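Need a 3D model of the following:
(one chain, ligands or ions: 1)
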Amino acid sequence: MTEDEIKKAVGWAALEYVIPGTIVGVGSGSTASHFVDALASIKHQIEGAISSSDTSTTKLESFGIPVLDSNEVDSLDVYVDGADEINSYMQMIKGGGAALTREKVIAAIARTFICIVDINKQVDVLGKFPLPVEVIPMARSYVARELVKLGGLPEYRQNVVTDNGNVILDVHNLIITDAMALESYINDIAGVVTIGLFANRCADVVLVGTQEGVKVIG
Ligand code: 5RP
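Residues are numbered from 1 along each chain as shown. Coordinates of the predicted model:
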């Protein structure tokens, strides 16, 4: 199987966790895009979706799946999304697709976060994938200097403006051994909107796509 076929298998496997008659939280990225294809196959059985990005919204709407405003949703049973890295504690780095802020909000609302990844995303220690940090534009240089003090090498993601009108710093050179503490610390830097570490609210179930099939953790 190619990497994309593995992503497809894991995206479709997540369908099993969707509860008929409910609203579904939908993530972003190539693996989540396969999940949207799968969701379209049962679109008459769900009430609608909350989407983590304009790209996912466009795709959901193209299938006729109603996309609801998260402000109008009191509770969410299931949120399905990919990750850039995930460790054995189900803590993740996300935001490779720059959708981290909405993803974090939906993860916070959801009762169950189903993370869908291919086996290449599993790591012992987070940090090889550059850690995305969404920052308001006028704070970019200040936040970058603060990240350097932590031993990181922040790189401004060129030509990217998030769906919220902000910019992204990708932080290289981090070996993240205490993900919860680092998430809280970086969140506290003035000008940071969201950090792509999902450690304090980690995944509840991980579906890992492998050549041998989909492995369920959690
Ligand atoms: C987007 C994300 C994605 O879930 C993450 O980048 C994984 O993407 P892909 O499924 O394409 O590998 O966090 O902000």
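
Give the residue farthest from the middle of the protein.
In the chain, the residue that sits farthest from the middle, by C-alpha atoms, centre = their mean, is Lys149; the gap is 26.3 Å.

And that one, how close does it get to the ligand?
Distance of Lys149 to the ligand, given as C-beta to the nearest ligand atom, to the nearest Å: 26 Å. The C-beta positions use only the backbone N, C-alpha and C, and glycine is treated the same way.

How about Leu126?
On the measure of C-beta to the nearest ligand atom, Leu126 and the ligand end up 13 Å apart.

What are the neighbouring residues in contact with the nearest residue to that residue once chain neighbours are set aside?
In this structure, Leu126 finds its nearest non-sequential neighbour in Ile176, 4.1 Å apart by C-beta to C-beta, 6 or more residues apart in numbering. Taking C-beta atoms under 8 Å, 6 or more residues apart in numbering, we find Ile176 in contact with Ile93, Val125, Leu126, Gly127, Leu131, Leu182, Leu197.

Please name the nearest non-neighbouring residue to the second one.
When you say that, I think you mean Val125. Looking at Val125 with C-beta to C-beta, 6+ apart, the closest residue is Ile175, at 5.9 Å.

Neighbours of that neighbour, how many?
9 (other C-beta atoms under 10 Å).

For Thr210, give me phi and psi.
phi -130, psi 170 (degrees, to the nearest 10).

Mind pulling up the pLDDT for the residue nearest to it when sequence neighbours are not counted?
Closest residue to Thr210 apart from its sequence neighbours, by C-beta to C-beta, 6+ apart: Ile119 at 4.8 Å. According to the prediction, Ile119 has pLDDT 96.

Ramachandran coordinates for Ile119?
Torsion angles, degrees, to the nearest 10, at Ile119: phi -60, psi -20.

what sits against it?
Ile6, Val208, Gly209, Thr210.

Name the residue closest to the centre of this structure, please.
Judging by C-alpha atoms, centre = their mean, the chain has its centre closest to Lys94, at 4.7 Å.

Check whether that residue really touches Tyr79, as I assumed.
No: taking contacts as C-beta atoms under 8 Å, Lys94 lies outside contact range of Tyr79: 11.9 Å.

just to revisit the earlier point, mind checking which of the contacts of Ile176 are in strands?
Using DSSP state E, the members of these that fall in strands are Ile93, Leu131, Leu197.

Now tabulate the residues you listed in CSV and tack on distance to Asn71, neighbour count and pLDDT.
Below are these laid out as CSV (distance: C-beta to C-beta, whole Å; neighbours: other C-beta atoms under 10 Å; pLDDT from 0 to 100):
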residue, distance to Asn71, neighbour count, pLDDT
Ile93, 27, 29, 98
Leu131, 28, 30, 98
Leu197, 25, 30, 98
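
can you redo those as CSV with distance to Gly11?
Listed next are the ones in strands among the contacts of Ile176 as CSV, based on distance: C-beta to C-beta, whole Å:
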residue, distance to Gly11
Ile93, 19
Leu131, 24
Leu197, 23
